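J.: got a structure for you, letters missing:
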């Protein structure tokens, strides 16, 4: 959210010590709910500390996620959150973030394609009730499609991990070490 496209202006929101958020575009104080609406509207923005100028955008987005997760229907299970936490500090941390981001993007593209197809079939955009009804009918098919996608994604991730291991082996095979830990030719 912190990068504006060329020609587009980045909406600046300042966070003051009293924990209030000030939208410099509208010259008004806003709430986390208002920031959530900016996200839903795909509005480009950046939240900065009013005093230090530090970028707080990620922190604010995490607060919104926490509020949503604390609500009635959380998206993440405790098991999933535990698994994500285990990747912090792990050698695969950077890859995991990229992997999750790409999978969410692919899911969004599938959702957008379905919306476009439903519009073409039914001549207009579905309302929330119609979408709920449509999804109830389509759930088994969607679950099968997502399971296939997840299997493909898992296979891709395993292939990527195997390639990294092969590259690491190739890189270290050029060093004069024997598998037992001694140097080749250095001991008699």
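T.: That came in fine, so what should we check first? Keep in mind the model is a prediction, meaning the values are calculated, not measured.
J.: dead centre of this structure: give me the residue that sits there.
T.: What sits nearest the mean C-alpha location of the chain, by Cα atoms, centre = their mean, is residue 101, with 3.8 Å.
J.: helix, strand, or coil at that one?
T.: Recorded secondary structure, residue 101: helix (DSSP: H, G, I helix; E, B strand; the rest coil).
J.: could you do residue 81 as well?
T.: Secondary structure state of residue 81, per three-state DSSP, is helix.
J.: which pLDDT value goes with it?
T.: Model confidence at residue 81, given as pLDDT, is 90.
J.: what's the burial count for it?
T.: If you count neighbours by other Cβ atoms under 10 Å, residue 81 ends up with 12. C-beta here means a position set from N, CA and C on the backbone, and glycine is covered the same way.
J.: so who does it touch?
T.: By Cβ atoms under 8 Å, 6 or more residues apart in numbering, no residues touch residue 81.
J.: coming back round to it: now the residue nearest to the centre of the chain: how far from residue 94?
T.: 11 Å (Cβ to Cβ, to the nearest Å).
J.: mind listing the helices for the chain?
T.: Counting by DSSP state H, one finds helices in the chain at the ranges 32-40, 57-70, 78-86, 93-122, 128-173.
J.: just put the ones you listed in a markdown table and tack on distance to residue 17.
T.: Converted to a markdown table, these look like this (distance: least, Cβ to Cβ, whole Å):
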| stretch | distance to residue 17 |
| --- | --- |
| helix 32-40 | 17 |
| helix 57-70 | 14 |
| helix 78-86 | 30 |
| helix 93-122 | 31 |
| helix 128-173 | 39 |
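J.: out of these, flag the one nearest residue 23.
T.: When those are compared for distance to residue 23 using Cβ to Cβ, the nearest one is helix 32-40, at 7.4 Å.
J.: wait, what's in contact with residue 30?
T.: Counting by Cβ under 8 Å, 6+ apart, residue 30 touches 13, 21-23.
J.: can you do 10 Å?
T.: The neighbours of residue 30, taking Cβ atoms under 10 Å, 6 or more residues apart in numbering as the test, are 13, 20-23, 37-38.
J.: what's the answer for residue 153, then?
T.: Going by Cβ under 10 Å, 6+ apart, residue 153 touches 99, 102-103, 106, 146.
J.: could I get those residues in TSV, plus columns for neighbour count and pLDDT?
T.: TSV is the format used below for the contacts of residue 153 (neighbours: other Cβ atoms under 10 Å; pLDDT from 0 to 100):
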residue	neighbour count	pLDDT
99	16	81
102	12	84
103	14	81
106	13	81
146	13	69
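J.: the nearest residue to residue 99 once chain neighbours are set aside: what's it in contact with?
T.: Leaving aside its chain neighbours, residue 99 sits nearest to residue 157 (6.3 Å; criterion: Cβ to Cβ, 6 or more residues apart in numbering). For residue 157, the contacting residues are 92, 95-96, 99, 103, by Cβ under 10 Å, 6+ apart.
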